[in-house]
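Engineer: just coords:
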(Lines give C-alpha, C1' and ligand atoms only; values in the text may rest on other atoms or scores of the structure.)
Protein backbone atom coordinates (compact mmCIF):
# COMPACT_ATOMS: atom_id res chain seq x y z
CA UNK A 1 0.00 0.00 0.00
CA UNK A 2 2.67 2.48 0.91
CA UNK A 3 4.80 1.88 -2.13
CA UNK A 4 6.87 4.65 -3.60
CA UNK A 5 4.69 4.64 -6.71
CA UNK A 6 1.59 5.22 -4.70
CA UNK A 7 3.25 8.14 -2.95
CA UNK A 8 4.34 9.71 -6.17
CA UNK A 9 0.90 9.46 -7.70
CA UNK A 10 -0.74 11.04 -4.69
CA UNK A 11 1.77 13.84 -4.64
CA UNK A 12 1.24 14.63 -8.29
CA UNK A 13 -2.50 14.57 -7.91
CA UNK A 14 -2.47 16.94 -4.99
CA UNK A 15 0.01 19.42 -6.36
CA UNK A 16 -1.19 19.62 -9.93
CA UNK A 17 -4.91 19.27 -10.13
CA UNK A 18 -6.65 20.10 -6.91
CA UNK A 19 -4.86 23.28 -5.92
CA UNK A 20 -7.28 26.20 -5.93
CA UNK A 21 -4.95 28.73 -7.63
CA UNK A 22 -7.57 31.24 -8.45
CA UNK A 23 -9.21 31.17 -5.06
CA UNK A 24 -5.92 32.25 -3.55
CA UNK A 25 -5.17 34.79 -6.24
CA UNK A 26 -8.62 36.32 -6.49
CA UNK A 27 -8.43 38.95 -3.70
CA UNK A 28 -5.06 40.20 -4.88
CA UNK A 29 -6.03 40.30 -8.54
CA UNK A 30 -9.30 42.00 -7.66
CA UNK A 31 -7.45 44.71 -5.74
CA UNK A 32 -4.94 45.19 -8.56
CA UNK A 33 -7.75 45.47 -11.09
CA UNK A 34 -9.83 47.90 -9.02
CA UNK A 35 -7.02 50.05 -7.61
CA UNK A 36 -4.61 50.09 -10.54
CA UNK A 37 -6.16 48.76 -13.75
CA UNK A 38 -9.48 50.53 -13.78
CA UNK A 39 -8.26 54.00 -12.62
CA UNK A 40 -5.42 53.82 -15.11
CA UNK A 41 -7.77 53.07 -18.01
CA UNK A 42 -10.13 55.83 -16.87
CA UNK A 43 -7.28 58.34 -16.73
CA UNK A 44 -6.24 57.46 -20.27
CA UNK A 45 -9.90 57.75 -21.31
CA UNK A 46 -10.29 61.15 -19.60
CA UNK A 47 -7.27 62.47 -21.47
CA UNK A 48 -9.34 62.34 -24.69
CA UNK A 49 -12.29 64.19 -23.15
CA UNK A 50 -13.12 67.63 -21.79
CA UNK A 51 -13.89 66.26 -18.33
CA UNK A 52 -13.75 68.63 -15.38
CA UNK A 53 -13.83 67.86 -11.67
CA UNK A 54 -17.49 68.78 -11.43
CA UNK A 55 -18.40 67.00 -14.64
CA UNK A 56 -16.71 63.63 -14.80
CA UNK A 57 -19.55 61.36 -15.84
CA UNK A 58 -20.80 62.91 -19.07
CA UNK A 59 -17.68 64.47 -20.49
CA UNK A 60 -17.60 64.56 -24.26
CA UNK A 61 -14.93 63.09 -26.45
CA UNK A 62 -12.65 65.71 -27.97
CA UNK A 63 -10.01 63.56 -29.61
CA UNK A 64 -6.41 64.68 -29.34
CA UNK A 65 -7.18 68.30 -28.42
CA UNK A 66 -5.74 67.97 -24.91
CA UNK A 67 -2.48 66.59 -26.25
CA UNK A 68 -2.26 69.35 -28.87
CA UNK A 69 -2.77 71.93 -26.11
CA UNK A 70 -0.17 70.18 -24.04
CA UNK A 71 2.38 70.30 -26.84
CA UNK A 72 1.78 74.06 -27.14
CA UNK A 73 2.01 74.69 -23.41
CA UNK A 74 5.27 76.40 -22.48
CA UNK A 75 4.91 75.44 -18.82
CA UNK A 76 4.54 71.78 -19.71
CA UNK A 77 7.83 71.78 -21.61
CA UNK A 78 9.44 73.52 -18.68
CA UNK A 79 8.10 70.74 -16.45
CA UNK A 80 9.43 68.07 -18.83
CA UNK A 81 12.80 69.79 -18.87
CA UNK A 82 12.89 70.07 -15.06
CA UNK A 83 11.98 66.41 -14.64
CA UNK A 84 14.74 65.34 -16.99
CA UNK A 85 17.29 67.59 -15.28
CA UNK A 86 16.36 66.17 -11.87
CA UNK A 87 16.48 62.56 -13.10
CA UNK A 88 19.66 62.94 -15.12
CA UNK A 89 21.59 64.73 -12.39
CA UNK A 90 20.36 63.02 -9.26
CA UNK A 91 20.39 59.40 -10.42
CA UNK A 92 24.10 59.30 -11.42
CA UNK A 93 25.00 61.21 -8.26
CA UNK A 94 23.06 58.74 -6.14
CA UNK A 95 24.71 55.84 -7.92
CA UNK A 96 28.17 57.24 -7.30
CA UNK A 97 27.57 58.01 -3.63
CA UNK A 98 25.56 54.83 -3.16
CA UNK A 99 28.45 52.79 -4.51
CA UNK A 100 30.85 54.36 -2.02
CA UNK A 101 28.48 53.62 0.85
CA UNK A 102 27.85 50.09 -0.42
CA UNK A 103 31.60 49.40 -0.58
CA UNK A 104 32.00 50.66 2.97
CA UNK A 105 29.09 48.60 4.29
CA UNK A 106 30.44 45.56 2.48
CA UNK A 107 33.60 45.70 4.57
CA UNK A 108 33.74 43.99 7.90
CA UNK A 109 34.54 46.62 10.49
CA UNK A 110 33.58 47.58 14.00
CA UNK A 111 30.44 49.66 14.08
CA UNK A 112 29.18 48.31 10.77
CA UNK A 113 25.66 47.65 11.98
CA UNK A 114 25.51 51.15 13.46
CA UNK A 115 26.65 52.57 10.15
CA UNK A 116 23.97 50.58 8.35
CA UNK A 117 21.26 51.91 10.63
CA UNK A 118 22.53 55.49 10.30
CA UNK A 119 22.62 55.28 6.52
CA UNK A 120 19.02 54.05 6.48
CA UNK A 121 17.73 57.07 8.39
CA UNK A 122 17.38 59.56 5.50
CA UNK A 123 15.36 56.94 3.62
CA UNK A 124 13.04 56.45 6.62
CA UNK A 125 12.18 60.09 7.15
CA UNK A 126 8.92 60.94 5.37
CA UNK A 127 9.62 62.98 2.23
CA UNK A 128 7.50 65.85 3.45
CA UNK A 129 9.48 65.99 6.68
CA UNK A 130 12.77 65.93 4.75
CA UNK A 131 11.53 68.72 2.54
CA UNK A 132 10.51 70.79 5.56
CA UNK A 133 13.79 70.12 7.39
CA UNK A 134 15.89 71.07 4.41
CA UNK A 135 13.75 74.09 3.62
CA UNK A 136 14.54 75.30 7.13
CA UNK A 137 18.25 74.53 6.79
CA UNK A 138 18.38 76.22 3.39
CA UNK A 139 16.38 79.24 4.51
CA UNK A 140 18.18 82.25 3.03
CA UNK A 141 18.05 84.48 6.10
CA UNK A 142 18.16 82.07 9.04
CA UNK A 143 19.30 78.78 7.55
CA UNK A 144 22.25 76.93 9.00
CA UNK A 145 23.72 76.16 5.57
CA UNK A 146 24.11 79.78 4.60
CA UNK A 147 25.38 80.55 8.08
CA UNK A 148 28.08 77.88 7.88
CA UNK A 149 29.09 78.89 4.37
CA UNK A 150 29.30 82.54 5.46
CA UNK A 151 31.33 81.69 8.52
CA UNK A 152 33.78 79.65 6.49
CA UNK A 153 33.81 82.62 4.07
CA UNK A 154 33.00 80.39 1.10
CA UNK A 155 30.28 82.84 0.16
CA UNK A 156 30.02 86.58 0.81
CA UNK A 157 26.29 86.93 1.02
CA UNK A 158 23.40 84.56 1.75
CA UNK A 159 22.28 82.41 -1.17
CA UNK A 160 18.50 82.29 -1.88
CA UNK A 161 18.47 78.46 -2.19
CA UNK A 162 14.73 78.12 -2.45
CA UNK A 163 13.47 81.53 -3.48
CA UNK A 164 15.54 81.65 -6.66
CA UNK A 165 14.26 79.64 -9.62
CA UNK A 166 17.54 78.26 -10.83
CA UNK A 167 18.77 77.39 -7.35
CA UNK A 168 15.59 75.77 -6.13
CA UNK A 169 16.10 72.95 -8.63
CA UNK A 170 19.58 72.53 -7.15
CA UNK A 171 17.99 72.28 -3.71
CA UNK A 172 15.47 69.73 -4.97
CA UNK A 173 18.27 67.60 -6.40
CA UNK A 174 20.30 67.96 -3.20
CA UNK A 175 17.46 66.77 -1.00
CA UNK A 176 16.52 64.00 -3.41
CA UNK A 177 20.10 62.72 -3.44
CA UNK A 178 20.24 62.91 0.34
CA UNK A 179 17.01 61.02 0.68
CA UNK A 180 17.43 58.25 -1.89
CA UNK A 181 21.15 57.47 -1.81
CA UNK A 182 20.58 55.00 1.08
CA UNK A 183 18.18 52.99 -1.02
CA UNK A 184 20.64 52.96 -3.91
CA UNK A 185 23.39 51.87 -1.52
CA UNK A 186 21.27 48.96 -0.32
CA UNK A 187 20.52 47.78 -3.85
CA UNK A 188 24.21 47.94 -4.74
CA UNK A 189 25.17 46.26 -1.47
CA UNK A 190 22.87 43.35 -2.31
CA UNK A 191 24.65 43.09 -5.66
CA UNK A 192 28.06 43.24 -4.01
CA UNK A 193 27.15 40.46 -1.63
CA UNK A 194 26.22 38.28 -4.58
CA UNK A 195 29.75 38.64 -6.01
CA UNK A 196 31.70 35.50 -5.03
CA UNK A 197 33.86 36.34 -2.04
CA UNK A 198 36.79 34.26 -3.37
CA UNK A 199 37.33 36.87 -6.11
CA UNK A 200 38.32 39.40 -3.46
CA UNK A 201 40.33 36.88 -1.46
CA UNK A 202 42.29 35.79 -4.53
CA UNK A 203 42.95 39.42 -5.41
CA UNK A 204 44.09 40.11 -1.85
CA UNK A 205 46.45 37.14 -1.93
CA UNK A 206 47.89 38.37 -5.22
CA UNK A 207 48.43 41.76 -3.61
CA UNK A 208 46.27 43.68 -6.06
CA UNK A 209 45.62 47.16 -4.65
CA UNK A 210 42.08 48.22 -3.72
CA UNK A 211 41.80 50.71 -6.55
CA UNK A 212 42.57 48.09 -9.18
CA UNK A 213 40.30 45.56 -7.52
CA UNK A 214 37.54 48.11 -7.84
CA UNK A 215 37.99 48.74 -11.55
CA UNK A 216 38.84 45.21 -12.63
CA UNK A 217 36.64 43.07 -10.37
CA UNK A 218 33.90 45.00 -8.61
CA UNK A 219 32.66 47.31 -11.35
CA UNK A 220 32.51 44.73 -14.17
CA UNK A 221 30.75 42.18 -11.97
CA UNK A 222 28.43 44.80 -10.54
CA UNK A 223 27.52 46.38 -13.88
CA UNK A 224 24.18 44.57 -14.36
CA UNK A 225 23.11 45.49 -10.82
CA UNK A 226 24.16 49.10 -11.33
CA UNK A 227 22.21 49.41 -14.58
CA UNK A 228 19.07 47.86 -13.13
CA UNK A 229 19.30 49.98 -9.98
CA UNK A 230 19.80 53.15 -12.04
CA UNK A 231 16.78 52.48 -14.22
CA UNK A 232 14.76 51.57 -11.15
CA UNK A 233 15.69 54.89 -9.54
CA UNK A 234 15.14 56.82 -12.76
CA UNK A 235 11.58 55.49 -12.87
CA UNK A 236 11.16 56.89 -9.39
CA UNK A 237 12.78 60.20 -10.24
CA UNK A 238 10.45 60.71 -13.19
CA UNK A 239 7.39 60.70 -10.97
CA UNK A 240 8.91 62.94 -8.27
CA UNK A 241 6.17 64.95 -6.60
CA UNK A 242 6.39 65.54 -2.82
CA UNK A 243 9.76 67.27 -2.71
CA UNK A 244 8.98 69.54 -5.61
CA UNK A 245 5.58 70.39 -4.24
CA UNK A 246 7.11 71.69 -1.01
CA UNK A 247 10.43 73.10 -2.22
CA UNK A 248 9.17 74.96 -5.26
CA UNK A 249 6.47 76.60 -3.14
CA UNK A 250 3.96 76.63 -5.95
CA UNK A 251 6.29 78.24 -8.44
CA UNK A 252 5.35 76.86 -11.86
CA UNK A 253 8.85 77.44 -13.25
CA UNK A 254 10.11 74.60 -11.06
CA UNK A 255 7.27 72.15 -11.52
CA UNK A 256 7.90 68.58 -12.62
CA UNK A 257 5.55 66.55 -14.81
CA UNK A 258 3.71 65.06 -11.81
CA UNK A 259 3.28 68.48 -10.18
CA UNK A 260 2.08 69.99 -13.46
CA UNK A 261 -0.43 67.19 -14.02
CA UNK A 262 -1.82 67.40 -10.51
CA UNK A 263 -2.09 71.17 -10.60
CA UNK A 264 -4.23 71.10 -13.74
CA UNK A 265 -6.19 68.10 -12.55
CA UNK A 266 -7.05 69.29 -9.06
CA UNK A 267 -6.29 72.99 -8.64
CA UNK A 268 -7.62 74.04 -12.08
CA UNK A 269 -10.18 71.19 -12.09
CA UNK A 270 -9.33 70.49 -15.73
CA UNK A 271 -9.40 66.70 -15.54
CA UNK A 272 -9.11 66.18 -19.30
CA UNK A 273 -5.98 68.28 -19.71
CA UNK A 274 -4.42 67.05 -16.47
CA UNK A 275 -5.06 63.45 -17.48
CA UNK A 276 -3.40 64.12 -20.82
CA UNK A 277 -0.29 65.32 -18.99
CA UNK A 278 -0.42 62.29 -16.68
CA UNK A 279 -0.83 59.95 -19.64
CA UNK A 280 2.18 61.49 -21.37
CA UNK A 281 4.23 61.01 -18.20
CA UNK A 282 2.99 57.43 -18.19
CA UNK A 283 4.44 56.93 -21.65
CA UNK A 284 7.82 58.29 -20.60
CA UNK A 285 7.83 55.90 -17.67
CA UNK A 286 6.54 52.97 -19.74
CA UNK A 287 9.45 53.46 -22.11
CA UNK A 288 11.89 53.33 -19.20
CA UNK A 289 9.94 50.38 -17.82
CA UNK A 290 10.53 48.42 -21.01
CA UNK A 291 14.25 49.09 -20.65
CA UNK A 292 14.01 47.95 -17.05
CA UNK A 293 12.25 44.74 -18.02
CA UNK A 294 14.94 43.97 -20.60
CA UNK A 295 17.76 44.38 -18.10
CA UNK A 296 15.80 42.68 -15.37
CA UNK A 297 15.19 39.61 -17.51
CA UNK A 298 18.32 37.79 -16.44
CA UNK A 299 17.47 38.30 -12.80
CA UNK A 300 13.88 37.16 -13.18
CA UNK A 301 15.05 33.73 -14.32
CA UNK A 302 16.27 33.17 -10.80
CA UNK A 303 12.81 32.91 -9.28
CA UNK A 304 11.72 30.66 -12.07
CA UNK A 305 9.58 32.92 -14.19
CA UNK A 306 10.79 31.22 -17.35
CA UNK B 1 65.33 57.07 9.68
CA UNK B 2 64.59 53.56 8.53
CA UNK B 3 61.66 51.72 10.03
CA UNK B 4 61.50 47.98 10.18
CA UNK B 5 58.91 46.49 7.77
CA UNK B 6 56.52 45.45 10.47
CA UNK B 7 56.38 48.93 11.95
CA UNK B 8 55.97 50.43 8.51
CA UNK B 9 53.09 48.12 7.82
CA UNK B 10 51.47 49.08 11.11
CA UNK B 11 51.77 52.77 10.32
CA UNK B 12 50.26 52.25 6.90
CA UNK B 13 47.41 50.28 8.39
CA UNK B 14 46.81 53.03 10.92
CA UNK B 15 46.66 55.65 8.17
CA UNK B 16 44.32 53.54 6.08
CA UNK B 17 42.05 52.89 9.04
CA UNK B 18 41.88 56.52 10.02
CA UNK B 19 40.99 57.53 6.46
CA UNK B 20 38.32 54.83 6.39
CA UNK B 21 36.79 55.88 9.68
CA UNK B 22 36.85 59.56 8.81
CA UNK B 23 34.95 58.81 5.58
CA UNK B 24 32.46 56.89 7.70
CA UNK B 25 32.13 59.85 10.04
CA UNK B 26 31.52 62.27 7.16
CA UNK B 27 28.80 60.00 5.74
CA UNK B 28 27.19 59.56 9.15
CA UNK B 29 27.27 63.32 9.73
CA UNK B 30 25.61 63.98 6.36
CA UNK B 31 22.90 61.42 7.10
CA UNK B 32 22.19 62.56 10.62
CA UNK B 33 22.75 66.28 10.63
CA UNK B 34 19.39 67.39 9.16
CA UNK B 35 17.50 65.35 11.72
CA UNK B 36 19.79 66.54 14.49
CA UNK B 37 19.19 70.11 13.40
CA UNK B 38 15.43 69.52 13.43
CA UNK B 39 15.68 68.29 17.02
CA UNK B 40 17.85 71.24 18.07
CA UNK B 41 15.55 73.75 16.41
CA UNK B 42 12.49 72.19 17.99
CA UNK B 43 14.05 72.61 21.46
CA UNK B 44 14.77 76.31 21.03
CA UNK B 45 12.42 79.05 22.12
CA UNK B 46 11.32 81.60 19.58
CA UNK B 47 13.99 84.10 20.69
CA UNK B 48 16.82 81.67 19.96
CA UNK B 49 15.33 79.90 16.94
CA UNK B 50 17.02 82.17 14.45
CA UNK B 51 20.43 82.00 16.04
CA UNK B 52 22.52 79.23 14.53
CA UNK B 53 24.13 77.87 17.68
CA UNK B 54 24.70 74.13 17.30
CA UNK B 55 23.35 73.35 20.75
CA UNK B 56 20.51 75.38 22.28
CA UNK B 57 21.63 77.47 25.26
CA UNK B 58 18.07 77.45 26.58
CA UNK B 59 16.15 74.22 26.17
CA UNK B 60 12.38 74.43 26.10
CA UNK B 61 9.66 71.87 25.41
CA UNK B 62 7.18 74.62 24.59
CA UNK B 63 7.03 73.65 20.89
CA UNK B 64 6.24 70.03 21.73
CA UNK B 65 3.52 71.07 24.18
CA UNK B 66 1.92 73.26 21.54
CA UNK B 67 2.06 70.55 18.88
CA UNK B 68 0.69 67.79 21.09
CA UNK B 69 -2.15 69.91 22.39
CA UNK B 70 -3.02 70.95 18.84
CA UNK B 71 -6.10 68.93 17.90
CA UNK B 72 -5.35 69.09 14.17
CA UNK B 73 -2.00 67.44 14.63
CA UNK B 74 -3.30 64.87 17.10
CA UNK B 75 -6.13 63.81 14.82
CA UNK B 76 -3.87 63.58 11.78
CA UNK B 77 -1.41 61.48 13.77
CA UNK B 78 -4.23 59.14 14.73
CA UNK B 79 -5.44 59.02 11.13
CA UNK B 80 -1.96 58.09 9.96
CA UNK B 81 -1.73 55.28 12.50
CA UNK B 82 -5.11 53.87 11.47
CA UNK B 83 -4.55 54.22 7.72
CA UNK B 84 -1.00 52.85 7.72
CA UNK B 85 -1.82 49.89 10.00
CA UNK B 86 -4.93 48.85 8.08
CA UNK B 87 -3.09 49.24 4.78
CA UNK B 88 -0.29 47.01 6.04
CA UNK B 89 -2.66 44.36 7.42
CA UNK B 90 -4.82 44.14 4.30
CA UNK B 91 -1.80 44.16 2.01
CA UNK B 92 0.06 41.43 3.85
CA UNK B 93 -3.04 39.24 4.16
CA UNK B 94 -3.95 39.48 0.50
CA UNK B 95 -0.38 39.05 -0.71
CA UNK B 96 0.29 36.13 1.60
CA UNK B 97 -2.61 34.30 -0.04
CA UNK B 98 -1.61 35.20 -3.57
CA UNK B 99 2.05 34.42 -3.04
CA UNK B 100 1.29 30.81 -2.18
CA UNK B 101 0.35 29.66 -5.70
CA UNK B 102 2.74 32.17 -7.28
CA UNK B 103 5.74 30.86 -5.39
CA UNK B 104 4.97 27.16 -5.12
CA UNK B 105 2.98 26.19 -8.20
CA UNK B 106 3.55 26.50 -11.91
CA UNK B 107 0.39 27.37 -13.76
CA UNK B 108 -0.52 29.31 -16.90
CA UNK B 109 -0.79 33.05 -16.26
CA UNK B 110 1.68 33.02 -13.37
CA UNK B 111 4.37 34.87 -15.23
CA UNK B 112 1.90 37.44 -16.50
CA UNK B 113 0.63 38.17 -12.99
CA UNK B 114 4.14 38.72 -11.63
CA UNK B 115 5.11 40.93 -14.56
CA UNK B 116 1.94 42.98 -14.16
CA UNK B 117 2.67 43.48 -10.47
CA UNK B 118 6.21 44.54 -11.31
CA UNK B 119 5.05 47.09 -13.86
CA UNK B 120 2.49 48.51 -11.43
CA UNK B 121 5.31 49.25 -8.96
CA UNK B 122 6.80 51.64 -11.52
CA UNK B 123 3.53 53.41 -12.32
CA UNK B 124 3.55 57.19 -11.78
CA UNK B 125 0.86 57.69 -9.18
CA UNK B 126 -0.42 60.83 -10.82
CA UNK B 127 -1.45 58.62 -13.77
CA UNK B 128 -4.18 56.96 -11.70
CA UNK B 129 -5.22 60.14 -9.94
CA UNK B 130 -8.26 61.10 -12.02
CA UNK B 131 -9.49 57.53 -12.36
CA UNK B 132 -9.07 56.96 -8.65
CA UNK B 133 -10.83 60.23 -7.90
CA UNK B 134 -13.83 59.08 -9.91
CA UNK B 135 -13.82 55.68 -8.19
CA UNK B 136 -13.69 57.28 -4.75
CA UNK B 137 -16.54 59.55 -5.63
CA UNK B 138 -18.65 56.69 -6.96
CA UNK B 139 -18.02 54.71 -3.77
CA UNK B 140 -18.84 57.89 -1.84
CA UNK B 141 -15.73 57.69 0.33
CA UNK B 142 -14.13 61.04 -0.50
CA UNK B 143 -12.47 62.52 2.59
CA UNK B 144 -12.68 59.16 4.38
CA UNK B 145 -9.79 57.08 5.64
CA UNK B 146 -11.03 54.15 3.57
CA UNK B 147 -10.35 56.18 0.41
CA UNK B 148 -6.70 56.41 1.34
CA UNK B 149 -6.46 52.73 2.21
CA UNK B 150 -8.00 51.90 -1.16
CA UNK B 151 -5.56 54.17 -2.99
CA UNK B 152 -2.54 52.88 -1.07
CA UNK B 153 -3.17 49.35 -2.28
CA UNK B 154 -1.69 50.38 -5.61
CA UNK B 155 1.56 51.29 -3.86
CA UNK B 156 1.87 48.46 -1.37
CA UNK B 157 0.29 45.39 -3.01
CA UNK B 158 2.55 44.92 -6.07
CA UNK B 159 5.76 45.40 -4.10
CA UNK B 160 4.62 43.15 -1.24
CA UNK B 161 3.46 40.50 -3.71
CA UNK B 162 6.95 40.32 -5.21
CA UNK B 163 8.75 40.29 -1.90
CA UNK B 164 6.40 37.73 -0.39
CA UNK B 165 6.70 35.47 -3.44
CA UNK B 166 10.47 35.62 -3.07
CA UNK B 167 10.33 34.78 0.62
CA UNK B 168 7.89 31.94 0.07
CA UNK B 169 10.10 30.54 -2.67
CA UNK B 170 12.78 29.92 -0.11
CA UNK B 171 10.72 27.52 2.03
CA UNK B 172 11.94 23.96 1.46
CA UNK B 173 9.64 21.83 -0.68
CA UNK B 174 9.71 18.96 1.80
CA UNK B 175 7.81 20.90 4.45
CA UNK B 176 4.85 21.44 2.17
CA UNK B 177 4.97 17.86 0.87
CA UNK B 178 4.93 16.49 4.40
CA UNK B 179 1.88 18.60 5.19
CA UNK B 180 0.14 17.42 2.04
CA UNK B 181 0.81 13.81 2.95
CA UNK B 182 -0.73 14.46 6.35
CA UNK B 183 -3.84 15.52 4.55
CA UNK B 184 -3.61 19.26 5.11
CA UNK B 185 -5.66 21.42 2.77
CA UNK B 186 -4.02 24.42 1.07
CA UNK B 187 -5.69 26.77 3.55
CA UNK B 188 -4.37 24.81 6.49
CA UNK B 189 -0.89 24.72 4.94
CA UNK B 190 -0.94 28.47 4.45
CA UNK B 191 -2.19 29.40 7.90
CA UNK B 192 -0.64 26.65 10.06
CA UNK B 193 2.55 25.77 8.22
CA UNK B 194 3.69 28.68 6.08
CA UNK B 195 2.49 31.56 8.21
CA UNK B 196 4.61 30.65 11.26
CA UNK B 197 7.65 29.98 9.07
CA UNK B 198 7.14 33.26 7.25
CA UNK B 199 6.82 35.27 10.46
CA UNK B 200 9.93 37.37 9.77
CA UNK B 201 8.84 37.96 6.17
CA UNK B 202 5.40 39.05 7.34
CA UNK B 203 6.98 41.50 9.76
CA UNK B 204 9.32 42.84 7.08
CA UNK B 205 6.74 43.31 4.35
CA UNK B 206 4.18 44.63 6.80
CA UNK B 207 6.65 47.16 8.10
CA UNK B 208 7.58 48.33 4.61
CA UNK B 209 3.91 48.67 3.67
CA UNK B 210 3.31 50.60 6.90
CA UNK B 211 6.19 52.98 6.17
CA UNK B 212 5.13 53.68 2.60
CA UNK B 213 1.54 54.33 3.69
CA UNK B 214 2.74 56.53 6.55
CA UNK B 215 4.89 58.61 4.20
CA UNK B 216 2.54 58.87 1.23
CA UNK B 217 1.61 62.38 0.22
CA UNK B 218 0.06 62.74 -3.25
CA UNK B 219 -3.07 60.66 -2.65
CA UNK B 220 -3.43 61.92 0.91
CA UNK B 221 -3.33 65.49 -0.34
CA UNK B 222 -5.81 64.88 -3.13
CA UNK B 223 -8.39 62.62 -1.51
CA UNK B 224 -8.81 64.38 1.80
CA UNK B 225 -10.27 67.76 2.50
CA UNK B 226 -10.65 68.17 6.25
CA UNK B 227 -9.02 66.97 9.44
CA UNK B 228 -11.40 64.03 9.51
CA UNK B 229 -9.13 61.99 7.25
CA UNK B 230 -5.99 64.09 6.80
CA UNK B 231 -2.77 62.23 7.49
CA UNK B 232 0.43 63.56 9.01
CA UNK B 233 2.35 64.43 5.80
CA UNK B 234 -0.56 66.56 4.58
CA UNK B 235 -1.05 68.43 7.81
CA UNK B 236 2.71 69.03 7.95
CA UNK B 237 2.69 70.36 4.40
CA UNK B 238 -0.26 72.63 5.10
CA UNK B 239 1.14 73.75 8.45
CA UNK B 240 1.78 77.43 8.01
CA UNK B 241 1.85 80.61 9.94
CA UNK B 242 0.21 83.92 9.31
CA UNK B 243 2.07 84.39 6.04
CA UNK B 244 4.45 82.53 3.74
CA UNK B 245 7.42 84.33 5.26
CA UNK B 246 6.53 83.69 8.86
CA UNK B 247 6.54 79.93 8.99
CA UNK B 248 6.51 78.70 12.59
CA UNK B 249 9.65 76.65 12.11
CA UNK B 250 10.02 75.68 15.77
CA UNK B 251 6.59 74.05 15.71
CA UNK B 252 7.14 72.46 12.31
CA UNK B 253 10.39 70.93 13.49
CA UNK B 254 8.78 69.62 16.69
CA UNK B 255 6.01 68.03 14.64
CA UNK B 256 8.58 66.59 12.21
CA UNK B 257 10.53 64.99 15.03
CA UNK B 258 7.37 63.48 16.55
CA UNK B 259 6.32 62.05 13.20
CA UNK B 260 9.73 60.62 12.36
CA UNK B 261 10.81 59.21 15.71
CA UNK B 262 8.53 56.13 15.62
CA UNK B 263 9.83 55.27 12.15
CA UNK B 264 13.45 55.68 13.13
CA UNK B 265 12.99 53.45 16.16
CA UNK B 266 11.33 50.79 13.99
CA UNK B 267 14.10 50.98 11.41
CA UNK B 268 16.90 50.76 13.96
CA UNK B 269 15.26 47.72 15.58
CA UNK B 270 14.38 45.95 12.34
CA UNK B 271 17.20 47.21 10.11
CA UNK B 272 18.36 43.77 8.96
CA UNK B 273 14.87 42.65 8.04
CA UNK B 274 14.05 45.90 6.30
CA UNK B 275 17.19 45.66 4.20
CA UNK B 276 16.44 42.08 3.21
CA UNK B 277 12.88 43.05 2.32
CA UNK B 278 13.87 46.09 0.30
CA UNK B 279 16.40 44.23 -1.77
CA UNK B 280 14.50 40.96 -2.11
CA UNK B 281 11.65 42.73 -3.85
CA UNK B 282 13.65 44.57 -6.41
CA UNK B 283 17.07 43.75 -7.69
CA UNK B 284 18.29 40.68 -5.93
CA UNK B 285 15.52 38.54 -7.38
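Structural biologist: That came through, no problem. If you're wondering where the values come from, they're calculated on a predicted model, not measured in any experiment.
Engineer: CA atoms for contacts and neighbours, from now on please.
Structural biologist: OK.
Engineer: Chain A: strands as residue ranges?
Structural biologist: Counting by DSSP state E, chain A forms no strands at all.
Engineer: and whichever helix in it runs longest, which residues are buried?
Structural biologist: Assignment by DSSP state H gives helix A:74-106 as the longest helix of chain A. Residues A:75-76, A:78-87, A:90-91, A:93-105 are the ones in helix A:74-106 that count as buried (16 or more other Cα atoms under 10 Å in any protein chain shown).
Engineer: repeat for stretch A:19-31
Structural biologist: Across stretch A:19-31, burial judged by 16+ other Cα under 10 Å covers A:21, A:24-25, A:27-29, A:31.
Engineer: Of all the residues in chain A, which one is nearest chain B?
Structural biologist: residue A:39 (3.7 Å; Cα to the nearest Cα).
Engineer: Closest approach to chain A from the stretch 101-250 of chain B, which residue is it?
Structural biologist: For the stretch 101-250 of chain B and chain A, the shortest gap (Cα to the nearest Cα) falls at residue B:131, measuring 3.7 Å.
Engineer: Hmm, that residue is touching residue A:36, no?
Structural biologist: No. Between residue B:131 and residue A:36 there is no contact under Cα atoms under 8 Å: 9.1 Å.
Engineer: that older thread, does anything pack onto the longest helix of chain A? Which helices or strands?
Structural biologist: Applying 3 or more Cα pairs under 8 Å, 6 or more residues apart in numbering or on different chains; DSSP states H and E, one finds that helix A:74-106 contacts helix A:112-124, helix A:165-194, helix A:219-238, helix A:257-262.
Engineer: what angle sits between that helix and helix A:165-194?
Structural biologist: 40 degrees (axes from the mean of the first three to the mean of the last three Cα atoms, to 10 degrees).
Engineer: So what would you say the end-to-end distance of stretch A:101-116 is?
Structural biologist: Its first and final residues considered, stretch A:101-116 spans 9 Å by Cα to Cα, to the nearest Å.
Engineer: Show the average pLDDT along that stretch.
Structural biologist: Stretch A:101-116 carries an average pLDDT of 87.
Engineer: Please list the outside residues in contact with it.
Structural biologist: For stretch A:101-116, contacts defined as Cα atoms under 8 Å, 6 or more residues apart in numbering or on different chains pick out A:185-186, A:188-189, A:192-193, B:24, B:28, B:271.
Engineer: could those be laid out in JSON lines, adding distance to residue A:244?
Structural biologist: What follows is the contacts of stretch A:101-116, written out as JSON lines (distance: Cα to Cα, whole Å):
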{"residue": "A:185", "distance to residue A:244": "23"}
{"residue": "A:186", "distance to residue A:244": "25"}
{"residue": "A:188", "distance to residue A:244": "26"}
{"residue": "A:189", "distance to residue A:244": "29"}
{"residue": "A:192", "distance to residue A:244": "33"}
{"residue": "A:193", "distance to residue A:244": "35"}
{"residue": "B:24", "distance to residue A:244": "30"}
{"residue": "B:28", "distance to residue A:244": "25"}
{"residue": "B:271", "distance to residue A:244": "29"}
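Engineer: Pick out the most distant pair among those residues.
Structural biologist: The span of these, defined through Cα to Cα, is set by A:193 and B:28 at 21.9 Å.
Engineer: For these two, indicate the residue with more neighbours.
Structural biologist: Legend: neighbour count by other Cα atoms under 10 Å in any protein chain shown for residue A:193 and residue B:28, higher for residue B:28 (18 against 13).
Engineer: Please verify my assumption that that one contacts residue A:120.
Structural biologist: No. Proximity of residue B:28 to residue A:120 does not meet the contact threshold set by Cα under 8 Å, at 10.2 Å.
Engineer: related to what we said a few turns ago, what's the closest non-adjacent residue to the residue of the stretch 101-250 of chain B closest to chain A?
Structural biologist: Using Cα to Cα, 6 or more residues apart in numbering or on different chains and skipping the chain neighbours, the partner closest in space to residue B:131 is residue A:39 (3.7 Å).
Engineer: hmm, back to that, just the ones of the buried residues of stretch A:19-31 in helices?
Structural biologist: Short answer: the buried residues of stretch A:19-31 in helices (DSSP H) are A:21, A:24-25, A:27-29, A:31.
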